[in-house]
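Enquirer: Here is my input; please provide its structure:
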Amino acid sequence: MKITQGARIAGLASAVVLLAGCTTGAPAATTSAASSGSAAAPTTTTLKLTVAAYPLEFLAQRIAGDSATVTNLTAPGAEPHDLELTAKQMADLGSSDALIYIAGFQAAVDDALKASPPKLAIDASTGLALLDPAAAEEGEAPKPGAHDPHIWLSPANMITMAKTVDTALSQAHPELATTLNANTDKLVADLKNLSEAYTSGLATCQRKDFVTSHAAFAYLARDYGLTQIPIAGIDATEEPTAARIAEVQKLAKQSGVTTIFFETLVSPAVAKSIAGDLGLKSAVLDPIEGITANSAGTNYLEVMQSNLKALQEANGCS
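Expert: This is a model prediction of the structure:
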């Protein structure tokens, strides 16, 4: 759901909405961007940025650097699809300088934007070619306007998202533009290197299909010529039907996959059961919906590199 209140910011951030905040209060938990590797020197302005989920936290920290404190509405280790906001989070949202979110990803966030609007709302999916979730919903037609929200698993998408956030924040806070632009340039360079690693690393693989716990990897598959076979649909917490499990087993046999992938924030039981039934390996392919002690890295870039290695091993890439 797109937010339509307030004046539109021109250019790349066309979906950014200026909204009058009406409540005050500090975010429940903040993280300093100082540890994120941002390049530019600190400034005297400190923004209060709120993000809806981890991938957006990574972007905000890298782009804003020491110019912001960043609050993630989704607690570490929590599944973001089923986020429910507390009364305090709702109140704090109104005093945030900006909310960075993905429209249609988390219903609680979409609803909160109407009930407790921040000063600035930035839809990070602006300008992206969004995929519909039909293939992940066991043959059902997608709802009107529905799209696959897992946009961050494409490094190319993340580059566009970074530029969207940079443009919006720079226009709203021109005194920080030099810092924000410099940090964004370094982030974009890192993301381009990541994309090049995927392109070369997946160029010569024996197999192109891979089985995942839920349908989070469609953008990655699109960008690098792979085919995702999801056990569950768009929501990681949904239970696959017996018919879907049987279909996945059939497709896994036909495609000759060697590995059934599971993830870190939801139970691996179904994925491991399928792997056991078929005599296949099981391994982690992380949708990076959150970073925990079980993650194969401390940030988005590191976990994406781990995912690349997992895909290369599973698909016989040379």
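Enquirer: Run through the bridge partners of residue 101.
Expert: Counting by DSSP bridges, residue 101 is bridged to residue 123.
Enquirer: and residue 257, which of the three is it?
Expert: What DSSP: H, G, I helix; E, B strand; the rest coil gives for residue 257 is coil.
Enquirer: close enough to count as contact, it and residue 212?
Expert: No. Using Cβ atoms under 8 Å as the test, residue 257 is too far from residue 212 to be in contact (10.6 Å). C-beta coordinates here come from the backbone N, C-alpha and C atoms, glycine included.
Enquirer: Find the residues that touch each one of these two.
Expert: residue 229 (Cβ atoms under 8 Å, 6 or more residues apart in numbering).
Enquirer: Settle it for me: which of those two has more neighbours?
Expert: Neighbour totals were compared for residue 257 and residue 212, and residue 212 leads with 25 against 22 (other Cβ atoms under 10 Å).
Enquirer: so what's that one up against?
Expert: 228-231, 261, 263, 285.
Enquirer: Could you give the secondary structure assignment for it?
Expert: Secondary structure for residue 212, judged by three-state DSSP, is strand.
Enquirer: With the one 10 residues further on instead?
Expert: Following three-state DSSP, the label given to residue 222 is helix.
Enquirer: tell me, how many neighbours does it end up with?
Expert: When neighbours are counted by other Cβ under 10 Å, residue 222 registers 17.
Enquirer: Could you check the pLDDT of it?
Expert: According to the prediction, residue 222 has pLDDT 97.
Enquirer: do the one 5 residues further on as well
Expert: At residue 227, the model reports a pLDDT of 97.
Enquirer: Against residue 190, how distant is it?
Expert: Applying Cβ to Cβ, to the nearest Å, the value for residue 227 to residue 190 is 27 Å.
Enquirer: now the strands for the stretch 201-318 of the chain?
Expert: Secondary structure of the stretch 201-318 of the chain, counting by DSSP state E, counting those that start in this stretch: strands at 209-214, 227-232, 259-262, 281-284.
Enquirer: The stretch 51-200 of the chain too?
Expert: Applying DSSP E, counting those that start in this stretch to the stretch 51-200 of the chain gives strands spanning 68-72, 98-101, 120-123.
Enquirer: May I see the ones you listed arranged in TSV, with mean neighbour count and mean pLDDT as well?
Expert: Output for the strands of the stretch 51-200 of the chain, formatted as TSV (neighbours: other Cβ atoms under 10 Å; pLDDT from 0 to 100):
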stretch	mean neighbour count	mean pLDDT
strand 68-72	24	97
strand 98-101	27	98
strand 120-123	26	98
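Enquirer: doesn't residue 266 make contact with residue 77?
Expert: No. Contact status for residue 77 versus residue 266: not in contact, 10.9 Å apart, counting by Cβ under 8 Å.
Enquirer: Looking at those two, which has the bigger crowd around it?
Expert: Under the criterion of other Cβ under 10 Å, the comparison of residue 77 against residue 266 puts residue 266 first, with 20 against 13.
Enquirer: List the residues that contact the more buried one.
Expert: Residue 266 makes contact with 79, 213-214, 236-237, according to Cβ under 8 Å, 6+ apart.
Enquirer: just curious, which of those is nearest to residue 130?
Expert: Among these, residue 214 lies closest to residue 130 (Cβ to Cβ), at 17.6 Å.
Enquirer: partner residues bridging the closest one?
Expert: On the basis of DSSP bridges, residue 214 takes part in beta bridges with residue 232.
Enquirer: could you measure it against residue 273, distance?
Expert: Distance, residue 214 to residue 273, using Cβ to Cβ: 15 Å.
Enquirer: Which one of those two is surrounded by more residues?
Expert: residue 214 (26 against 14).
Enquirer: from memory the more buried one sits against residue 239, does it?
Expert: No. The criterion here is Cβ under 8 Å, and residue 214 misses it with residue 239 at 10.8 Å.
Enquirer: tell me, what's touching the two both at once?
Expert: By Cβ under 8 Å, 6+ apart, the residues touching both residue 214 and residue 239 are residue 232.
Enquirer: check contacts around residue 223.
Expert: Residue 223 makes contact with 154-156, 195, 198 under the criterion Cβ under 8 Å, 6+ apart.
Enquirer: CSV for the residues you listed, including pLDDT and distance to residue 177?
Expert: Compiled in CSV, these are given as follows (pLDDT from 0 to 100; distance: Cβ to Cβ, whole Å):
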residue, pLDDT, distance to residue 177
154, 98, 27
155, 99, 25
156, 98, 24
195, 99, 26
198, 99, 31
